[in-house]
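**Q** structure here, sequence nowhere to be found:
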């Protein structure tokens, strides 16, 4: 019995009640705000390229309306990014460098093969090549994705994401 009490007290006092991300070592390329629980600055989570590279990665090879051949995109899985910030929302409002804004339902990340790409064809995505981050759907994986609504959600030059909880 004493062991059980000691174990529970140890567990209680060693469990962090709030989590924090490390601060970026280099220039930030992404800021996440809104309905998030894990931050590294007041009210926001700021990431540099190295921080994003430490999150779970995936590759999507697909054709898209902006290139003539299939491209190989590599980057962060949407779920890894959402988990890293403790996201509690069902919509992402994503903003690009040119102030273009699109809203993406979080359900897209369960329905489709999607990546927050930081590399294309093995190269880091520069601003000139639609970087530093581009939301890429695997357009080749489903005819459903070959529609304007998904092309519009495939935003490039991403600078910020706001996590929103909307009523269904």
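**A** Cool, got the structure. All figures in this text were calculated on a predicted structure; none of them were measured in a lab. Residues are numbered from 1 along each chain as shown.
**Q** excluding covalently adjacent residues, which one is nearest to residue 132?
**A** Closest residue in space to residue 132, ignoring its immediate chain neighbours: residue 29 at 4.5 Å, by CB to CB, 6 or more residues apart in numbering. Where you see a C-beta, it was placed from the backbone N, CA and C, and this is true even at glycine.
**Q** how much space between the one you found and residue 112?
**A** Plainly put, residue 29 is 24 Å away from residue 112 if you go by CB to CB, to the nearest Å.
**Q** tell me how far the residue nearest to residue 132 lies from residue 142.
**A** Counting by CB to CB, the gap from residue 29 to residue 142 is 29 Å.
**Q** hang on, the earlier thing: where's the residue nearest to residue 132 relative to residue 131, distance?
**A** From residue 29 to residue 131 the distance is 8 Å (CB to CB).
**Q** just residue 125 next, same as before
**A** As defined by CB to CB, residue 125 lies at a distance of 3 Å from residue 131.
**Q** before we move on, what about residue 77?
**A** Taking CB to CB, one finds residue 77 at 17 Å from residue 131.
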